[in-house]
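> I would like the atomic coordinates for the input below:
(2 chains)
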Amino acid sequence: MNEVPLTHILFVSTALFFIGMYGLFTRRNMITMLMSIELLLNSVNINFVAFNKYLYPDKLDGVFFAVFIITIAAAEAAVAIAIIINLYRSHKSIDVEDAAQLKW
Amino acid sequence: MSASAIIFYAISAFILGAGLLAVTSQKIFRAAIWLLFSLVGIAGLYFWMRVEFIAAVQIIVYVGGIVILIIFSIFLTQESGKEMPKPLLKRTIFSVVAALFGFGFTYNLIDKYGFSTAALKPFNVSVSNIGTQMLSTAEHGYILPFEVVSMLLLASMIGCIVIAMKAPGEKPADEKTVTAESIQDTPVPPVLVIPSVPEQLITEEV
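Residues are numbered from 1 along each chain as shown, chains lettered A, B, ... in the order given. Alright, predicted model coming up:
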């Protein structure tokens, strides 16, 4: 297993991070933007676990960070979806360009 | 190249391909399903790294919770078969350039750094170790973040209910439903109800 170097795992997580960033830039629909944010959080989780495994195998801190990030991501997704549903109820649209009332 | 390395590269290609399709697919339901595949692939990567606990948590929370929530909200808010409008060409070009530049820059730094992975001890993440350290109050224990995150979950749960709840006065109310609700809520004696109908009739007639 150790013949896969750490940089290859970091390649995967970096690529996934920038894929999520691309999605966050191009999408204008709030649910798809939320999906991009989930991809970003997952790439960070891969980083934490990989660093923990390869650099500090006698500790568990990276695993704990991953667990707490997953927890907070779940809370964040639930709150975001509640806001999206409420916004859809008042605006009949979940496009971010339509939700511009607080802009000016 | 051993079987383990081949499995790693296959899982990585699967994750990246599914993630790329999740952010570029024009149908929102398909994007959600591709996101599901990408998250399952990440759980497979955790299994490959022998971190079974995180992999199980990933499958339970992400695949079983968040993606289902996203699919529910897709069904609640729009027609899922309809194609979303394509992003503007200018925005696509600049996003691709920004993502590629950021990726090249970051990976260049990572590649030049040279991590020292010389002393490799066995990586022991049994669930009992995780549980003992998470609930210990000693120096490297995680009991305080554990409690804080439990309060955060409670607060976000209550917050979600309050945000998504329909306010009682917010309904598009015409006269009939309002009177019906007021009758249902407080049992008004029928003497009060009966005059209200003739009054309306009288005013309309007048």
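> What about the residue of chain B found nearest chain A, how many residues nearby?
When scored by Cβ to the nearest Cβ, chain B has B:V23 as its residue closest to chain A, at 3.0 Å. (C-beta placed from N, C-alpha, C; glycine too.) Using other Cβ atoms under 10 Å in any protein chain shown, B:V23 is surrounded by 26 other residues.
> One more: A:V49?
Neighbour tally, A:V49, other Cβ under 10 Å: 24.
> if we can go back for a sec, show me the contact partners of the helix or strand that contains the residue of chain B closest to chain A.
B:V23 is part of helix B:3-24, with elements assigned from DSSP states H and E. Contacts with helix B:3-24, where a contact means Cβ atoms under 8 Å, 6 or more residues apart in numbering or on different chains, come from A:1, A:3-4, A:8-9, A:11-12, A:15-16, A:19-20, A:22-23, A:26-27, A:32, A:35-36, A:39, B:30-32, B:34-35, B:37-38, B:41-42, B:44-45, B:48.
> And for stretch B:96-112?
Taking Cβ under 8 Å, 6+ apart as the rule, stretch B:96-112 contacts A:T7, A:L10, A:F11, A:T14, A:A15, A:F17, A:F18, A:I19, A:M21, A:Y22, A:F25.
> can you give me the helices in chain A?
Counting by DSSP state H, chain A has helices at residues A:6-26, A:30-54, A:61-91.
> Low-confidence regions, chain B specifically.
Applying pLDDT under 70 to chain B flags residues B:79-81, B:117-120, B:169-206.
> any chance you could map the helices in it?
Assigned by DSSP H, chain B shows helices spanning B:3-24, B:28-48, B:52-57, B:67-77, B:89-113, B:127-134, B:143-164, B:175-185, B:190-205.
> among those helices, which is the most enclosed?
helix B:28-48 (a mean of 22; mean count of other Cβ atoms under 10 Å in any protein chain shown).
> That one vs helix A:61-91, what angle?
170 degrees (axes from the mean of the first three to the mean of the last three Cα atoms, to 10 degrees).
> Quick one: check helix B:28-48 for contact with chain A.
Yes. Using Cβ under 8 Å from any Cβ of the partner chain, helix B:28-48 comes into contact with chain A via B:I28, B:A31, B:A32, B:L35, B:S38, B:L39, B:I42, B:L45, B:Y46.
> which one of these is nearest B:G65?
B:L39 (10.6 Å; Cβ to Cβ).
> For the most centrally placed residue in chain B, give me its contacts.
Closest to where the C-alpha atoms of chain B average out (Cα atoms, centre = their mean) is B:I66, at 4.0 Å. B:I66 makes contact with A:E38, A:A73, A:A74, A:A77, according to Cβ under 8 Å, 6+ apart.
> what's around the second one, how many residues?
Same thing as A:A73. 21.
> Once you drop chain neighbours, what's closest to it?
Nearest residue to A:A73, sequence neighbours excluded (Cβ to Cβ, 6 or more residues apart in numbering or on different chains): A:L41, at 4.7 Å.
> ok, now the third one?
Closest residue to A:A74 apart from its sequence neighbours, by Cβ to Cβ, 6+ apart: B:V61 at 5.4 Å.
> Distance check, the one you found against B:V162.
23 Å (Cβ to Cβ, to the nearest Å).
> follow-up on the earlier one: wait, isn't the residue nearest to A:A74 in contact with A:E76?
No. With contacts counted by Cβ atoms under 8 Å, B:V61 stays clear of A:E76, the gap being 11.9 Å.
> ok now do the residue of chain A found nearest chain B, which residues does it touch?
Per Cβ to the nearest Cβ, A:G23 is where chain A lies closest to chain B, at 3.0 Å. Contact analysis of A:G23 by Cβ under 8 Å, 6+ apart lists A:T32, A:M33, A:M35, A:S36, A:L39, B:A22, B:V23, B:T24.
> hang on, isn't the second one packed against A:R27?
Yes. Shown here, A:M33 and A:R27 form a contact pair, counting by Cβ under 8 Å, at 5.2 Å.
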